[in-house]
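S.K.: Can you look at this prediction? I've put the sequence above it.
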Amino acid sequence: QVLPVLRLLGGIVVLSPVLLVLVLGLFSLLRIRISESMITRGGQSAVVVGLLAAIGVFLGMLYTGERNIPITAGNWVVIPEYHFTFKFVFDRLSVPFVMLSYVLVGTIGAFAASYLHREQGYHRFFVLYALFLLGMVITTIAGTVETLFAGWELVGLSSAMLVRSEEHTSELQSLAYLVC
């Protein structure tokens, strides 16, 4: 009886950053300007909701003794002898890491909201920030190699785009490309 609730909370852990990416990305693609405070509140809400859901999953796992909660988003590609499935596994190792990811990315968002206030690239930064958050969550709770790869690519792509978005800071770009 508790397992469906834990799966619902697990779905919220994943869907929270997905919704943030969709909303911010859609507004960005349609060139609809929303206020910085709305963007900041949206980012904070996604992080808080995802973090609380992850804490709920962890406490529920401890309470019930459940060690493994798989969530499958279905087969996305099915060909003979191969199928690509988005699968997320919540266990007692991945859930603390997803909670840590939410805390760290939330801290970055809180700092960036004040640091980038009234900057030209504020909107773009938070779209990429949402992609980075989604990639971190997917990477942390990936249940298949393909899912892990998808999350890792989101993290890498968003990181590279975040570095590239600071076009006027050539020293930062040079340093970042040397490190990478």
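M.R.: Done, it's in. Numbering: from 1, shown residues only.
S.K.: Sketch out the strands for this structure, chain order is fine.
M.R.: Per DSSP state E, the chain carries strands over the ranges 68-79, 82-91.
S.K.: ok, and what's touching stretch 56-63?
M.R.: Stretch 56-63 is contacted by residues 2, 5-6, 9-10, 13, 66-67, 69, 90-92, 95-96, 99 when judged by C-beta atoms under 8 Å, 6 or more residues apart in numbering. All C-beta spots, glycine's among them, are computed from the backbone N, C-alpha and C.
S.K.: Repeat that for stretch 64-81.
M.R.: Against stretch 64-81 from outside (C-beta under 8 Å, 6+ apart): 2-3, 6-7, 10-11, 14, 57, 60-61, 83-92, 143.
S.K.: Which of those residues are buried? Put it as a ChimeraX command.
M.R.: Only the buried members of these enter the following ChimeraX selection, criterion being 16 or more other C-beta atoms under 10 Å:
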select :6,7,10,11,14,57,60,61,86,87,88,89,90,91,143
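S.K.: and of the contacts of stretch 56-63, the nearest to Gly109?
M.R.: Met99 (15.6 Å; C-beta to C-beta).
S.K.: what's the distance between the closest residue to the closest one other than its chain neighbours and Ser159?
M.R.: Among residues not flanking Met99 along the chain, Ala54 sits closest, at 4.7 Å (C-beta to C-beta, 6 or more residues apart in numbering). Look at Ala54 and Ser159: by C-beta to C-beta, to the nearest Å, they are 22 Å apart.
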